[in-house]
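>>> for reference, the sequence and a predicted model appear below.
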Amino acid sequence: MAAMHAAMSPVVAMVPQSVQLAPRPRRAQLACKVAAAEAPPAAAAGPVTRDDIRNIAIIAHVDHGKTTLVDAMLKQSKVFRANQDMAVRVMDSNALERERGITILAKNTAIRYKGIKINIIDTPGHADFGGEVERVLNMCDGVLLLVDSVEGPMPQTRFVTKKALALDKKVCVVVNKIDRPAARPDWVVDSTFELFMDLGATDEQCEFPVVYASGVSGIAGDSPDSLAEDLQPLFEAVVKNIAPPTVAPEAPLQLLVTNIDYDEHKGRIAIGRVTSGTIKKAQQVSLCSSLEPGKVRVGKVNELFVYDNFSRTPVEEVQAGDICALTGIQDISIGETICQRENPDPLPTIKVEEPTVSMTFKVNTSPFAGKEGKFVTSRNIKDRLDRELERNLAMKVEPGETADAFVVSGRGTLHLGILIENMRREGYEFEIGPPKVITREVDGSKCEPWEEAVVEVPEQYVGSVVELFAQRKGEMQDMQPSIEGTTRLTFKIATRGLLGLKNALLTATRGLGLLNTLFDSYRPVAGDISMRENGSLVAFETGQVTAYALETAQERGQMFCKPGDQVYEGQVVGVYNKAGDLKINVCKAKALTNMRASQSEKKVALDEPRIMGLDDALEYITDDEQVEVTPIRIRIRKDPSMKKRGR
C-alpha cells in the first residue's frame with residue numbers, strides 16, 4: 001500500500017513512516033480504490049482445482065425422467081422444509097412446460113452434498129430444443145446421461161451424447177426408472193456402450209460409470225438388485241467421477257454468457273460460468289465477442305448471484321469455476337464474453353446447429369382481424385421476434401416477401417410452435433404460413449434435411465406404419481422386437497415427409513404409435529411426396545354456423561366448427577372426404593313459415609366436431625392455406641394471395 005501511495009502522491013511519500021498521518025479526505029480514499037481496481041492484472045498463477053464444486057448437466061431423451069430426478073435430488077438435499085408443499089416437476093416453471101409435461105428451457109439450480117456444491121443444469125429432452133442443450137454444455141464439467149430402463153437409447157440420447165463426447169465431457173450413465181416391471185438394465189447398458197462406439201468415443205470415454213436409479217421413488221444404487229433407500233449412491237458417483245473444475249483464479253476475468261433471463265425489476269439477467277479470474281459486485285467490465293474482433297463495450301455489474309438451494313443468492317464476488325447470474329448490463333447477449341476492463345479477451349462463442357424448418361409470420365388480414373388480439377401490427381410482431389432471438393440461438397428471422405411478413409426458421413415444427421403459442425398467450429394476433437424445409441446446395445446438387453425416425457408400435461400395426469412411411473419416401477433401416485408385444489422400426493425420411501405425419505400415424509395405429517425423430521444429414525431431394533390426400537371444406541359465406549346447415553354439411557366430411565361459431569368466407573371449416581376442396585354453406589338457416597305441424601320439428605343429430613389445436617393446425621395446412629392465430633381462437637383459412645383450388 002505504501003508503494004501505491006508513493007505512486008499516487010509525492011507529498012505523502014516525503015512524510016517519514018514514523019509520523020502518524022492525519023485521516024485523508026474520502027475523495028482521496030476513493031481515488032486510491034479506483035487506482036487499485038484499474039491496476040494491471042497480476043501475472044496468472046498456475047491452475048487451481050476447486051474440490052468444493054461440481055458442475056453437471058442432466059441430459060436425456062424426452063420423457064426419460066430428468067426433471068423428476070432433479071426433484072428427488074433437491075428434496076433429499078434438504079433444500080425444502082419438511083412441511084413445505086413441493087410441486088411436482090418443480091424445475092418446470094413455465095406454464096407451457098407444465099401443460100405439455102416436457103422441459104422447454106434449460107434451467108440452473110444447485111444443491112450441497114457433504115460440503116460440496118453441485119451446480120445442476122436441467123435440459124430439454126426433445127430434439128427440437130437441442131439448441132438449449134448445446135448452449136449449456138459449455139457451463140458443465142460432466143453430464144448425467146439418463147437412459148430409460150426399458151426403452152434404452154433413443155434418437156435424442158444419440159444427439160446429446162454426441163455433443164457431450166465432442167466437448168470431452170465426462171459422462172456418467174444413469175439407468176432411470178429401474179423399478180419398472182419390464183426393466184432390462186443389462187440390455188440398456190449394452191445398447192449405451194454400442195452407442196458410444198458408434199459415436200467414435202475413446203477407450204476412456206467408453207469406460208463410463210453406471211448408476212441405477214428411480215427418480216420418482218428417490219432411490220439409487222450401483223447394482224439393479226441392491227438399491228439404497230435414497231440417492232446417496234448417485235451423489236457419490238457425481239462427486240467421484242465428475243472432475244472438479246480446474247481454473248486460474250488469478251488470471252484476468254473471463255465469463256461466457258450462455259443463458260439470458262429477465263426480471264421485471266432487475267431487467268436482463270446474464271447467466272454463465274466464470275472461466276477464469278473473479279467477478280465482483282459493482283465491478284466495471286468489458287464486453288466482447290469472438291465474432292466481432294476489436295469491438296468492445298463497457299458495462300457495470302449491479303448485482304451478483306449464485307445458485308444455491310433452489311434460489312438465487314446475492315453475493316459480493318464469484319470465483320472461477322462457479323456458475324453465476326448478474327444484472328446491470330441491459331444490452332448483453334448470449335455468446336458474449338464478460339472480461340476484465342483492461343484486458344478484453346473473448347472466449348470462443350457458442351455454436352449451434354442450423355435450422356431445418358421455416359414458417360412465415362404475417363399480419364392478420366382475415367375479416368375478423370383486430371377483434372381478439374392486443375398486438376396486431378407488423379412492428380409489434382417484429383419487436384417480439386427480435387426479443388426471441390436474444391436468447392434462442394437455434395432460431396433465425398429474415399424479412400419476408402412483403403413488409404408485413406417475416407420468415408422464422410427453427411429446428412422443427414414443435415420448436416416454432418412453442419414460440420407461436422407463447423406469442424398467442426401474450427396477446428399477439430397474426431397468421432402463419434405452412435412449414436417448409438430449408439434446402440442447401442451440397443457439391444452442386446440441391447439437398448434437403450433428412451431425419452432418423454424411430455417408431456414404437458404394436459406388432460399388428462407394423463404393416464400400416466411401413467406403408468405410411470413408404471408413401472412419404474421413407475427408407476427402413478432397422479426393425480427389431482421391443483417389449484410387451486411392440487416392435488421398434490427405424491426409418492430415414494426427409495423432413496418434408498414428416499410434416500403432417502403425426503396425425504396420420506396416430507390414425508393408422510389407433511393412437512398407439514410413438515414417433516421420435518432426430519436430424520440426420522442433408523441428402524439429395526427425395527422428389528414429390530404426397531402430403532395430404534383429402535381436401536378441405538371451405539366456408540361459402542360469412543356468418544354464424546347453424547345446426548340446420550351442419551346436418552347436411554357433415555355428410556361431406558369431418559367438421560371443425562359447431563353451431564353458434566362465427567365463420568367467414570374462405571375459412572376452412574372441415575376435412576373433405578375426397579380430394580380437392582369444396583365450398584359449403586354452414587350458415588344456412590331454415591326457412592320460416594307460419595305453417596307448422598307439431599311433428600314437423602325434429603332434433604338434429606350432429607357429429608362431434610374435431611377441435612383443431614395449434615399443433616394440429618400446423619400439421620394440417622398445405623401450401624395454399626394458413627393458420628390464423630389469436631389469443632382466443634385458432635382458425636385455418638385459404639391463403640387469399642394464392643389461386644384458390646376449386647372442385
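Now that the structure is in, tell me what you want to look at.
>>> in which helix or strand would I find the nearest residue to Leu231 once chain neighbours are set aside?
Excluding its sequence neighbours, the residue lying closest to Leu231 (CB to CB, 6 or more residues apart in numbering) is Ala220, at 4.8 Å. Where you see a C-beta, it was placed from the backbone N, CA and C, and this is true even at glycine. For Ala220, the element it lies in under DSSP states H and E is strand 219-221.
>>> direction included, what does that strand pair against?
Sheet pairing for strand 219-221, assigned by DSSP bridges, gives strand 210-214 (antiparallel).
>>> residues contacting Asp141?
For Asp141, the contact set (CB atoms under 8 Å, 6 or more residues apart in numbering) comprises Arg54, Asn55, Ile56, Lys169, Lys170, Ile242, Ala243, Pro244, Pro245.
>>> which of those residues sit farthest apart?
Farthest pair in these (CB to CB) is Lys169 and Pro244. Separation: 13.8 Å.
>>> please identify which of these two sits among more neighbours.
Neighbours were counted for Lys169 and for Pro244 using other CB atoms under 10 Å; Lys169 has more, 24 against 18.
>>> circling back to that earlier point, distance check, the residue nearest to Leu231 against Leu195.
For Ala220, the distance to Leu195 equals 22 Å [CB to CB, to the nearest Å].
>>> of those two, who's got more company?
Ala220 (29 against 18).
>>> list the beta-bridge partners for that one.
Applying DSSP bridges, one finds that Ala220 bridges with Ala213.
>>> and what of Glu431?
Beta-bridge partners, per DSSP bridges, of Glu431: Lys362, Glu628.
>>> likewise Glu448?
Note on Glu448: beta-bridge partners by DSSP bridges are Arg523.
>>> let me know the pLDDT of it.
Glu448 carries a pLDDT value of 92.
>>> so it sits against Arg523, correct?
Yes: using CB atoms under 8 Å, Glu448 makes contact with Arg523 at a distance of 7.1 Å.
>>> find residues that contact each of those two.
With CB under 8 Å, 6+ apart, Glu448 and Arg523 have common neighbours Ala494.
>>> who's more crowded, the two?
With neighbours defined as other CB under 10 Å, Glu448 and Arg523 compare such that Glu448 has more, 19 against 14.
>>> show me the shaky parts of this structure.
1-46, 78-94, 593-602, 643-647 (pLDDT under 70).
>>> restrict stretch 623-634 to CA atoms and write it as CSV.
The C-alpha coordinates for stretch 623-634 follow below in CSV (Å, rounded to 0.1, in the frame of the first residue of the first chain):
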residue,chain,number,x,y,z
ASP,A,623,-49.2,-24.7,-49.5
ASP,A,624,-52.4,-22.7,-50.2
GLU,A,625,-53.6,-22.5,-46.5
GLN,A,626,-52.5,-20.6,-43.4
VAL,A,627,-53.3,-20.6,-39.7
GLU,A,628,-54.9,-17.5,-38.1
VAL,A,629,-53.6,-17.3,-34.5
THR,A,630,-55.4,-15.1,-31.9
PRO,A,631,-55.4,-15.1,-28.1
ILE,A,632,-58.8,-16.7,-28.2
ARG,A,633,-59.1,-18.9,-31.3
ILE,A,634,-57.1,-20.9,-33.8
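>>> so how far is that stretch off the chain centroid?
Computed by CA atoms, centre = their mean, to the nearest Å, the chain-centroid distance of stretch 623-634 equals 23 Å.
>>> re the thing from before, now tabulate the contacts of Asp141 in JSON lines and tack on secondary structure and distance to Asp128.
Formatted as JSON lines, the contacts of Asp141 follow (DSSP: H, G, I helix; E, B strand; the rest coil; distance: CB to CB, whole Å):
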{"residue": "Arg54", "secondary structure": "strand", "distance to Asp128": "29"}
{"residue": "Asn55", "secondary structure": "strand", "distance to Asp128": "26"}
{"residue": "Ile56", "secondary structure": "strand", "distance to Asp128": "24"}
{"residue": "Lys169", "secondary structure": "coil", "distance to Asp128": "22"}
{"residue": "Lys170", "secondary structure": "strand", "distance to Asp128": "27"}
{"residue": "Ile242", "secondary structure": "coil", "distance to Asp128": "28"}
{"residue": "Ala243", "secondary structure": "coil", "distance to Asp128": "31"}
{"residue": "Pro244", "secondary structure": "coil", "distance to Asp128": "34"}
{"residue": "Pro245", "secondary structure": "coil", "distance to Asp128": "31"}
